[in-house]
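Visitor: Sequence below, structure please.
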Amino acid sequence: MAFATLEDLKGRLDWTLDADEERIAENALEDASDLATHYGRDWPEATAPRMVRTLVLKACKRYMSNPDGYTQSRAGDETLAWNDSAGENAGTVYFTDEEIKLLAGLAGRRAGLYTAGVTAWQSVRRPVTAGLVPVENGWKGFPLYADETEPW
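Guide: From the prediction side, this is the model:
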């Protein structure tokens, strides 16, 4: 399943692909679509947000324009260079950190800190006044703190 077609990708490239490049591009589209599913969710092709298609095409264009992940190239002394900005993804189809966050947002997964109230199974909540611990048998409560206004 690919979120974009080879024709979509050809429209974004500024050169004509030969047969070998077309094969590589089709595999890149599949890889980028698999990554989009991994970082986002498993959208059906017909209902995937347009931004997913855009991000898949962007990652494939980045890969097709620079399949080896070079960051510097010189013709004089034949210098080639890589750096660690893409890390282990240099020379592969990948999404940047911002693109990964965008895919997660499109899938409805937002990063953040959440809290959840936890109670014991079939427990009964009792009102608690400051400084008192609830007890059984109808007592007002056991004084845990010395002062209700400043318990510590």
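
Visitor: What segments of the chain are helices?
Guide: Assigned by DSSP state H, the chain shows helices spanning 6-12, 19-39, 50-65, 97-106.

Visitor: Pick the most buried one from those.
Guide: Most buried of these, by mean neighbour count (mean count of other CB atoms under 10 Å): helix 50-65, with a mean of 20. C-betas here are computed from N, CA, C, even on glycine.

Visitor: Which pLDDT does the model give the most centrally placed residue in the chain?
Guide: Residue closest to the average C-alpha location in the chain (CA atoms, centre = their mean): I100, at 3.7 Å. pLDDT for I100: 93.

Visitor: check contacts around it.
Guide: Y39 (CB atoms under 8 Å, 6 or more residues apart in numbering).

Visitor: any idea how far G108 is from it?
Guide: Distance of I100 to G108, given as CB to CB, to the nearest Å: 15 Å.

Visitor: thinking again about what came up before, export the helices of the chain to TSV and tack on distance to Y114?
Guide: Below are these laid out as TSV (distance: least, CB to CB, whole Å):
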stretch	distance to Y114
helix 6-12	37
helix 19-39	20
helix 50-65	25
helix 97-106	15
